[in-house]
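Student: Okay, here's the prediction I keep looking at, along with the sequence it came from:
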Amino acid sequence: MTIVFALRVSYTRRRQRYTFFIVLYPMGVSGELLTIYAALPYVQKTGLYSVTLPNKYNFSFDYFTFLTLTMVSYIPREWRAHTPPQLYFHMLRQRKKVLGHVDDYSKLE
């Protein structure tokens, strides 16, 4: 009885691990992009983390441009039309490999 319960809990946790990412991964990507987008007006207005010329290092850095380029590069890296997001589909393959078919676990009941 205890072994069957332990196997069931183990399967439940495994199923949660390999299922929750289906919703959480796109939410995380969207959340990161929205957070950067929400910060853009403040960064542009205050010049946060920006270094302007002239200075003793003869170096210029615009944080607003860096964030904008990060957002633009983030979308093709994660959601290209011709190339699916690699990490997301790797996890889907792992899910199928680890969980297998539901029929395999119905024997526990």
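Tutor: Arrived safely. Numbers count the residues shown, from 1 in each chain.
Student: which strands and helices sit next to the lowest-mean-pLDDT helix or strand in the chain?
Tutor: Taking mean pLDDT, DSSP states H and E as the measure, the chain has helix 63-79 as its least confident helix or strand, at a mean of 82. With contacts taken as 3 or more CB pairs under 8 Å, 6 or more residues apart in numbering; DSSP states H and E, helix 63-79 sits against helix 2-46. In short, each C-beta sits where N, CA and C put it, glycine included.
Student: angle of the helix it packs on against helix 63-79?
Tutor: Counting by axes from the mean of the first three to the mean of the last three CA atoms, to 10 degrees, helix 2-46 lies at 150 degrees to helix 63-79.
Student: got a list of what residue 50 touches?
Tutor: Contact analysis of residue 50 by CB atoms under 8 Å, 6 or more residues apart in numbering lists 61, 62, 63, 64.
Student: same question, residue 87
Tutor: Contacts of residue 87 (CB under 8 Å, 6+ apart): residue 25.
Student: Surely it is in a helix?
Tutor: Yes: judged by DSSP: H, G, I helix; E, B strand; the rest coil, residue 87 forms part of a helix.
Student: Run the chain-centre distance for stretch 59-70.
Tutor: Centroid separation for stretch 59-70 versus its chain: 22 Å, with CA atoms, centre = their mean, to the nearest Å.
Student: Same check on stretch 57-76?
Tutor: 20 Å.
Student: Show me which positions of that stretch end up buried.
Tutor: Residues 62, 63, 64, 67, 68 are the ones in stretch 57-76 that count as buried (16 or more other CB atoms under 10 Å).
Student: Can you pull out the low-pLDDT segments for the protein?
Tutor: 1-9, 75-84, 101-109 (pLDDT under 70).
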